[in-house]
Each structure stands twice: as C-alpha cells, then as structure tokens.
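Participant: Here you go, sequence then predicted model.
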Amino acid sequence: MNELSEIIKKIQDHQRIDTHEAGILFKQADLLTLGQLANAKRCHLHPDPVVTYVIDRNINYTNICVSGCRFCAFFRSPGASGGYVISRKDLADKIQETLDLGGTQILLQGGMNPDLDLNFYTDMLGFIKQEFGIHIHGFSPPEIHFMADKFNMSVADTIQCLKQAGLDSIPGGGAEILCDEIRTKVSPNKCNANEWLEVMRQAHGAGMRSSATMMFGHLDTMDHVIEHLDRIRQLQDDTHGFTAFIPWTFQPENTRIPVEKKTGVEYLKVLALSRIFLDNVDNIQASWVTQGDKIAQTALFFGANDMGSTMIEENVVAAAGVSFMMPLESLQRLIATAGFTPRQRDCFYNPV
Ligand code: SF4
C-alpha cells in the first residue's frame, strides 16, 4: 500500500490524520477522492439528508478602522470621507427588518474605531437586548483584542464585560490565516495568531460558543492552510467551543493584494480537506457569498452540511466586488434541488 492509500484507509476507518498526512492527501488525491472522503465524513457526522441555514443580518456598526488590512475594501481611516458609526435609528430599523423576515440573530461586527469608548459597545449591546431580545453574535477576536488593549483590560475581563452587556456568541472572523508569517504581511495591525486563539480560548472558557473561519488564497500556501486547520483543531480539543468552521477564498477586487482569485475547484479541495481534518468540529459551512450558488451547491457534496446565512445585508465582501445575494426561497431551493431538506437553525445549530 502506498502512503496515499494508507492515509485514505485511515480516514475511512475514522482515524485522525496529522498535518504531514493532510499535506500528502491534498497534493496527491484528486478532487473527487477528496470529495468522497469528505462526504463520507459529513454523512457519518450528520446521517440525515438535511442542510441547515440561519436567517440573520450582518450589521457593521462602524467602518472606521485603524487596522488597514491589505485585503479590506470596506474600511475608512479615521477622518476620511465615507466613514460612519451607525445611528440608533439605523440599528433599530435593521434589527426590526431582520425580525420581520424571520431572523433569529444579528452578526455585529465593525472596524477598530479609535474614537469609540467602552460604553459605546456595552450601551449598544444593552439597547439591542432591551429593545429586541435578539441573539447577538458579535465582535470577532481582533475587535475584542483591540478593545482589551484600548481599555487597558484583560481579554477575559473584556469578554465578561461584553457578555454581561448582552453578547451571546462570537463570530470567528479576522482569523484569515492563523500563521504570523502571513498575518504580518496581509493584516499587520491585527492581533496575531496566538492572540486570536487566546480570545477564543477565553470566550469558550467563559461559556460562550464561537465559529471559526479561514480566508485563504492570498499570500498563503497549502502549508499555511494546514497549519491553520491544525491550530483550530488543537484548540477545539481543549475547549470544544467551536460550533462550525467556515473557509472561504480571498476576493481580490478593490484590495491591495494583486493575486488571481482561487477557482471553484481550489475552494472545494480546501473545503473537503477541512471536513476531513477537523474531526472535532461538528459543522462545516459552505460560502455562497464568496463562491456563488453553483459552487455552494456543489460544496454540499464536499463536506459542507450548512449553507450559512441568508445575509440580509453583507458589506465587507460586497466592498471587494462580490455581491451574490440570495432570497430565502432561493437558498431553500438550492438546498432542496441538491437533494437535501433545508432546515432553519439558530446560532447553536438547533432547529428553529
Ligand atoms: S478587515 Fe476589519 S480590521 Fe481589517 S481593515 Fe477591514 S474593517 Fe479593519
């Protein structure tokens, strides 16, 4: 038996593969072999032919940011034209519209705005909870790390403070690639890989769940991708706090990283590898926002069991020139015509 066959046998026997084996698998296995292995893993974890989705809305409370990530077409520097901080009225209107559309949560994220004080965040959370009672999935690790730094608090205290004000769970954004060799090139002012993971460790320790993401296809290589997967898997072994893993490809339009966009095949291969490697993460999400409906539908046969959000509003990827939009009925149809039952879920993947 050659090395690839031994690795395939190991996966089929539900044994964990290491980073070296993941590298060989990715380099040597063809697309359909990866897909079959990932799909078998997905069917083992989720035997019912169901694909879940969540109805929510991205609310970007500010686009003013000092981070200056090279891949970001969304932010405005402090003082630049076009910068905003959301008004209470706009915030309330967006949440009400989400609830009217059957939404169960909001995804609340923003730039690292140096003009906001701690009360801004806690008041905003309190307002949302008091007025609407909706689940708040908010503040990715770089934002929490930025707040802790700015307000001279520990990460644990910052998380407690946000939790007490109404924060329910944490999105896994800002991970890009959890490898500082790449982070220092694409987002030098963001928290480093250890700091990102430490925010998640503290959040999980405080009883909060989170998702994990990976944006690949910029300056990274396959080794960086595997390192990222390994770091997520290691933390998940310790905390079991990640609900889902969401990989997507970098969208280069309007950004300062001049690379060619990854193809659908490259996306599907990484998605499949993620499903195979992350044996301790229950859910893998397809990214129709970045891949479009056809690849997202195909992703359901490459390890994904969740279609993510209906995205009533999405600004960050749209700023990078990608604006796939999908009404709820279209999302359900996409799932159904692939042979699965669409099922609405909440943030914790419970049926709604
Ligand atoms: S990705 Fe986020 S942190 Fe980076 S520049 Fe854009 S808004 Fe700021």
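Facilitator: Structure's in. What do you need?
Participant: Distance of G217 relative to the ligand?
Facilitator: 16 Å (C-beta to the nearest ligand atom, to the nearest Å). The C-beta positions use only the backbone N, C-alpha and C, and glycine is treated the same way.
Participant: surely that residue meets K261?
Facilitator: Yes - if you go by C-beta atoms under 8 Å, G217 and K261 touch, sitting 7.2 Å apart.
Participant: who has more neighbours, these two?
Facilitator: Using other C-beta atoms under 10 Å, the more surrounded residue of G217 and K261 is G217, with 24 against 16.
Participant: roughly how far apart are the closest residue to that one other than its chain neighbours and S287?
Facilitator: Spatial nearest neighbour of G217, excluding adjacent residues (C-beta to C-beta, 6 or more residues apart in numbering): K262 at 3.8 Å. Between K262 and S287 the computed distance is 12 Å (C-beta to C-beta, to the nearest Å).
Participant: what touches both of these two?
Facilitator: Shared contacts of K262 and S287, defined by C-beta atoms under 8 Å, 6 or more residues apart in numbering, comprise T249.
Participant: And the two? Which one has more around it.
Facilitator: The residue with more neighbours, out of K262 and S287, is S287; 23 against 20, by other C-beta under 10 Å.
Participant: Just give the nearest non-adjacent residue to F127, would you?
Facilitator: Closest to F127 by C-beta to C-beta, 6+ apart is R88, at 6.7 Å.
Participant: Confirm that G83 sits in a helix.
Facilitator: No - using DSSP: H, G, I helix; E, B strand; the rest coil, the secondary structure at G83 is coil, not a helix.
Participant: surely it meets R76?
Facilitator: Yes - proximity of G83 to R76 meets the contact threshold set by C-beta under 8 Å, at 3.9 Å.
Participant: Please identify every residue contacting each of these two.
Facilitator: With C-beta under 8 Å, 6+ apart as the test, G83 and R76 both reach 63-64.
Participant: and the closest residue to A40 other than its chain neighbours, how many neighbours does it have?
Facilitator: Leaving aside its sequence neighbours, A40 sits nearest to Q12 (C-beta to C-beta, 6+ apart; 7.0 Å). Q12 has 12 neighbours, counted by other C-beta under 10 Å.
Participant: how close does Q12 sit to A165?
Facilitator: For Q12, the distance to A165 - C-beta to C-beta - is 47 Å.
Participant: for Q202, same thing?
Facilitator: As judged by C-beta to C-beta, Q202 and A165 stand 16 Å apart.
Participant: More neighbours: the two, which one.
Facilitator: Q202 (22 against 19).
Participant: Quickly find the element holding that one.
Facilitator: Assessed by DSSP states H and E, Q202 sits inside helix 193-205.
Participant: Closest to the centroid, which residue in this structure?
Facilitator: Among the residues of the chain, the one closest to the centroid is T213, at 3.6 Å (C-alpha atoms, centre = their mean).
Participant: pLDDT score assigned to that one?
Facilitator: In the predicted model, T213 carries a pLDDT score of 97.
Participant: Tell me what angle the strand or helix carrying it forms with helix 193-205.
Facilitator: Element membership for T213 (DSSP H and E) is strand 210-216. Interaxial angle of strand 210-216 relative to helix 193-205 (axes from the mean of the first three to the mean of the last three C-alpha atoms, to 10 degrees): 160 degrees.
Participant: C-terminal to strand 210-216, what's the next element?
Facilitator: helix 222-239.
Participant: After that following helix, which helix or strand is next? Please name it.
Facilitator: strand 242-249.
Participant: for the record, mean pLDDT for stretch 74-89?
Facilitator: On average, stretch 74-89 scores 95.
Participant: so what pLDDT did V316 get?
Facilitator: Confidence for V316, expressed as pLDDT, is 61.
Participant: How about V322?
Facilitator: pLDDT, read off for V322, is 55.
Participant: from here on, count from 355
Facilitator: From this message on, residue numbering opens at 355, which makes the last subject V676.
Participant: what about I498, how many residues close to it?
Facilitator: 26.
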